[in-house]
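Peer 1: Sequence first, then the predicted structure, then my questions.
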Amino acid sequence: MCYTKDTIAAIATPYAQGGIGIIRISGVEAKNIAKKIFKPAKANSNILNLAGYSGLFGHVIHNNKVIDEAILLNFNAPKSYTGEDVVEISVHSGLFILKEVLRAVLNSGARLAQPGEFTKRAFLNQKITLTEAEAVVELISANNEQAHHAALELKQGKLFKFSQTIANELLSVISHVAAFIDYPEEEVADVDLKQLDEQISSVYSKLYELLKTYDFGKIIKEGISTVIVGKPNVGKSTIMNLLSGFNRSIVTSVPGTTRDIIEESIVIDGIMLKIADTAGLRKTEDLVENIGVQLAEKQLEQSDLVLAVFDASKPLEKYDYELFDKITNKNVIGIINKTDLPCNIDSEVIKSKIDLVVEGSAQSSELFSKLAAAIKNKTGINLNCNCILANERQRDCIKRAAEQLEEAKTLIAQKQTLDIISVCLEDALHFLFELDGKDVSDTVIDNVFAKFCVGK
Ligand SMILES: Nc1nc2c(ncn2[C@@H]2O[C@H](COP(=O)(O)OP(=O)(O)OP(=O)(O)O)[C@@H](O)[C@H]2O)c(=O)[nH]1
Ligand SMILES: [Mg+2]
């Protein structure tokens, strides 16, 4: 497989000013290279004899010039991130220092690591599975509690274990069919086609459930697309500002203030929303506002969650009723705003149209807590749900495996021979193995690790 044994190095921390920057070296020559550029403070210390997980204080010296004070950390193979000998040199994170230390390391015999090459070596040395390696990217890019939770589960092998259970179930079906085909004279139980169909359906339904998690995974990473709608002046922009925690939208007492779509990403109780404030829905002769209203209607169609706002101080009117029609089949939270003013609205009508309604004033933080609870309730996000597919590659493996099982079921229905049916079952198993990096081509591996940053 695509594994070169040379020693690689890279800056493992962001290339930016900061407290500490780390240059990571991995490979058989790691310690020899470090020895050439690192002078321990204690003269009798020898890098080559260092125990694993131990460190030394000293200086990085190159071309007889001190570059910086440094801490050298040593990891002996196979007990390191990559499974190889690894040395990490921590210095002050200055752009010049980092570059000079890296140059010193490269001049002393290391090669600059490619993006993701450290993690790729960890995979090739069987320290982690392919899905765990992918989890590293997810962990680094997680920007909210749920995305972090899902990434951590992936890293801890939840998907790997789940896919293994499914693969084992399929394997036992395949083994039975194969034994029956290959050893007809032995006492292998008959393959009952109805039973075979049921066994395949059982595996298929697990794959199908897993496939559904992909969209969920996307939502928790990118945010639930949410729109705030309602007729003009009901307080949509005030709610936008309440949720985002700053004056994102302009608020005035003039109906028709918001025209463009105003977007913001916010995290409420660990749930990420990509929220859009929109123009008030009404018929208008104003050219600019009219465009805003059209944009709002389009946004409403595309969004997964709708916050439909009503003004408690005014009776329901035509535009409110039109809004009810537009949101019939959507995931909606109704908000009866401005309850600090004398009430003139028939809130029962709203509650008969929308199953989850909160009431309050966008000018008070109480509405924020009520909305947060409603959003949690509506989005049904459960941090303890089963494993989640993290990327297109993983989804593709599961999808192909499921397609092969569907094909096998069709063949059973057509009463085809077991030989033909078992080819589909074996293909399905191959795609399940591919998910975790068994049976996987170099191109797939290269693609996975190309998504990493240098130094990871
Ligand atoms: N009393 C009271 N006034 C509110 C409340 N929420 C918003 N307002 C006021 O209502 C007016 C309209 O608020 P906006 O947030 O601009 O309303 P909007 O729905 O975005 O209006 P458009 O962008 O014009 O469609 C402003 O004067 C707000 O200060 C509330 O809960 N109580
Ligand atoms: Mg507005």
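Peer 2: Happy to help now that I have it. Ligands and ions are numbered 1, 2, ... in the order given.
Peer 1: Relative to Asp439, how far out is the nearest residue to Phe431 once chain neighbours are set aside?
Peer 2: Among residues not flanking Phe431 along the chain, Ala401 sits closest, at 3.9 Å (Cβ to Cβ, 6 or more residues apart in numbering). Heads up, the C-betas are built off the backbone N, CA and C, glycines and all. Distance from Ala401 to Asp439, counting by Cβ to Cβ, to the nearest Å: 12 Å.
Peer 1: So between these two, which is more surrounded?
Peer 2: Ala401 (29 against 13; other Cβ atoms under 10 Å).
Peer 1: tell me the SS of Gln394?
Peer 2: Put simply, Gln394 is helix when judged by DSSP: H, G, I helix; E, B strand; the rest coil.
Peer 1: State the number of residues packed around Lys351.
Peer 2: 14.
Peer 1: Surely it is within a helix?
Peer 2: Yes - the assignment for Lys351 (three-state DSSP) places it in a helix.
Peer 1: Surely it touches Val357?
Peer 2: Yes - the criterion here is Cβ atoms under 8 Å, and Lys351 meets it with Val357 at 5.2 Å.
Peer 1: and the residue in the stretch 301-450 of the chain positioned nearest to ligand 2, how far is that from ligand 1?
Peer 2: Evaluated by Cβ to the ion, the stretch 301-450 of the chain has Val309 as its residue closest to ligand 2, separated by 9.8 Å. Val309 is 6 Å from ligand 1, where distance means Cβ to the nearest ligand atom, to the nearest Å.
Peer 1: Quick check, pLDDT for that residue.
Peer 2: pLDDT, Val309: 98.
Peer 1: So what's the residue count around it?
Peer 2: By other Cβ under 10 Å, neighbour count at Val309 equals 25.
Peer 1: Without its sequence neighbours, what residue ends up closest to Phe452?
Peer 2: Gly116 (2.7 Å).
Peer 1: What of Ser54?
Peer 2: Asn74 (5.7 Å).
Peer 1: Distance check, the residue lying farthest from the centre of the chain against Ala178.
Peer 2: Distance to the chain centre peaks in the chain at Glu185, reaching 51.5 Å (criterion: Cα atoms, centre = their mean). Between Glu185 and Ala178 the computed distance is 15 Å (Cβ to Cβ).
Peer 1: Any residues of the protein in contact with ligand 2? List them.
Peer 2: Lys236, Ser237, Thr257, Thr258 (Cβ under 5 Å from the ion).
Peer 1: Redo the residues you listed as CSV? Include distance to Ser54.
Peer 2: Below are the residues of the chain next to ligand 2 laid out as CSV (distance: Cβ to Cβ, whole Å):
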residue, distance to Ser54
Lys236, 60
Ser237, 59
Thr257, 64
Thr258, 61
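Peer 1: give me the subset of those residues touching ligand 1.
Peer 2: The subset of these within reach of ligand 1, by Cβ under 6 Å from any ligand atom, is Lys236, Ser237, Thr257, Thr258.
Peer 1: model confidence over stretch 157-165, on average?
Peer 2: Stretch 157-165 carries an average pLDDT of 91.
Peer 1: Can I get stretch 96-107 as PDB, trimmed to CA atoms?
Peer 2: Taking C-alpha atoms only, stretch 96-107 is exported to PDB below (Å, rounded to 0.1, in the frame of the first residue of the first chain):
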ATOM      1  CA  PHE A  96      10.100  33.200  11.900                       C
ATOM      2  CA  ILE A  97      10.900  30.700  14.700                       C
ATOM      3  CA  LEU A  98       8.500  28.000  13.300                       C
ATOM      4  CA  LYS A  99       9.900  28.400   9.800                       C
ATOM      5  CA  GLU A 100      13.500  28.300  10.900                       C
ATOM      6  CA  VAL A 101      13.000  25.200  13.100                       C
ATOM      7  CA  LEU A 102      11.200  23.400  10.300                       C
ATOM      8  CA  ARG A 103      13.900  24.400   7.900                       C
ATOM      9  CA  ALA A 104      16.500  23.000  10.300                       C
ATOM     10  CA  VAL A 105      14.600  19.700  10.500                       C
ATOM     11  CA  LEU A 106      14.200  19.400   6.800                       C
ATOM     12  CA  ASN A 107      17.900  20.300   6.200                       C
END
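Peer 1: can you give me how far that stretch is from the chain middle?
Peer 2: 34 Å (Cα atoms, centre = their mean, to the nearest Å).
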